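In: have a look at this fold, sequence not included:
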């Protein structure tokens, strides 16, 4: 796929920069577009890529257009650039919620002779190497060249060790609500619970065991990232709303067993989690992994 032109809308953001560098390394002619003109110029200069202030000019000659902007803005952006895309162009997004985006891309390929796919890289802008990370893929369709164009892109990703997992909008949104939304929620609440207990974190750390230390590190790594993104992933995903109701019921049942000193009830909740975990391929070695993480934290 070398020498093809790619435009990244939102190219001055974290993931825009990741993929801008990635495609440049693979020989693409990269152009980035963003609303903040000053930042756009600075990032383009930093990465050694092209930039364009006009949305129409940025995409009309592109072989590939990538959209990496806030979730709520993505469907409208897809609709907006449709008339500017050249025949057989490929457009893809990397949003964390797919229902509305999938519908917008379907409308686009039914209206214009372009090719559409929706991607979700399961990693953040801090990534250094894509090997063994997951790329979720939702195939949508397009022209008679669709399969060739899509397979070229996916083979490029596979060549760098990305694990390609195909899915559908509903399955994607439910599973991402569980794999992203739930861990984010639990870690945000974990830190807020400690704060509400009115104990300085540095003082708590003096009392730490292995479990608390790892949980604290996970939570602190999450809380430093973009609040708006976390909010969107949870607020805009209707599947997460349903999961939140489940969570509230679980907490009520947990509290009831604790307050009533109901060891049987507590054992049932504990055992259900244990039995579910046993199905996981990592289960047998999880305790080993736990202490490998600890060695890293302790600098051993």
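Out: Received it, and whenever you're ready, just let me know what you need. Remember, predicted model here, so these are calculated numbers, not experimental data.

In: just the helices from this protein, written as ranges.
Out: Ranges of helices in the chain, per DSSP state H, are 14-25, 37-47, 55-59, 74-81, 99-111, 146-159, 169-176, 182-196, 201-205, 210-223, 227-235, 238-259, 263-277, 286-298.

In: could I get the average pLDDT for the second one?
Out: Read it as helix 37-47. Mean per-residue pLDDT for helix 37-47: 96.

In: got it, and the fifth one?
Out: Confidence for helix 99-111, expressed as mean pLDDT, is 97.

In: what is the burial count for residue 106?
Out: The tally of other residues near residue 106 (other C-beta atoms under 10 Å) stands at 15. All C-beta spots, glycine's among them, are computed from the backbone N, C-alpha and C.

In: next, the buried residues of stretch 67-79.
Out: Neighbour counts using 16 or more other C-beta atoms under 10 Å place 67-69, 71, 74-75, 77-78 of stretch 67-79 among the buried residues.

In: can you lay out the helices of the chain as CSV showing distance to residue 117?
Out: As requested, those are exported to CSV (distance: least, C-beta to C-beta, whole Å):
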stretch, distance to residue 117
helix 14-25, 14
helix 37-47, 24
helix 55-59, 16
helix 74-81, 12
helix 99-111, 8
helix 146-159, 6
helix 169-176, 13
helix 182-196, 26
helix 201-205, 43
helix 210-223, 29
helix 227-235, 21
helix 238-259, 21
helix 263-277, 33
helix 286-298, 34
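
In: check contacts around the nearest residue to residue 213 once chain neighbours are set aside.
Out: Counting by C-beta to C-beta, 6 or more residues apart in numbering, residue 213 lies nearest to residue 297, which is 6.3 Å off, once chain neighbours are set aside. The contact partners of residue 297, by C-beta atoms under 8 Å, 6 or more residues apart in numbering, come to 213-214, 217.

In: please apply the same query to residue 97.
Out: 71, 173, 176, 232-233, 236-237.

In: and the nearest residue to it once chain neighbours are set aside, how far from residue 184?
Out: Residue nearest to residue 97 in three dimensions, not counting chain neighbours: residue 237, with 4.9 Å by C-beta to C-beta, 6+ apart. According to C-beta to C-beta, to the nearest Å, residue 237 stands 11 Å off from residue 184.

In: and those two? Which one has more around it.
Out: More neighbours surround residue 237 than the other of residue 237 and residue 184, with 23 against 20 (other C-beta under 10 Å).

In: give the contact list for the more buried one.
Out: Taking C-beta under 8 Å, 6+ apart, we find residue 237 in contact with 96-97, 173, 176-177, 181.

In: rebuild the residues you listed as JSON lines, extending it with distance to residue 51.
Out: Putting the contacts of residue 237 into JSON lines (distance: C-beta to C-beta, whole Å) gives the following:
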{"residue": "96", "distance to residue 51": "26"}
{"residue": "97", "distance to residue 51": "28"}
{"residue": "173", "distance to residue 51": "33"}
{"residue": "176", "distance to residue 51": "31"}
{"residue": "177", "distance to residue 51": "35"}
{"residue": "181", "distance to residue 51": "34"}
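
In: top of these by neighbour count?
Out: Result: residue 97 is most packed of those (other C-beta under 10 Å), 27 neighbours.

In: re the thing from before, looking at the buried residues of stretch 67-79, which one is closest to residue 254?
Out: residue 71 (31.5 Å; C-beta to C-beta).
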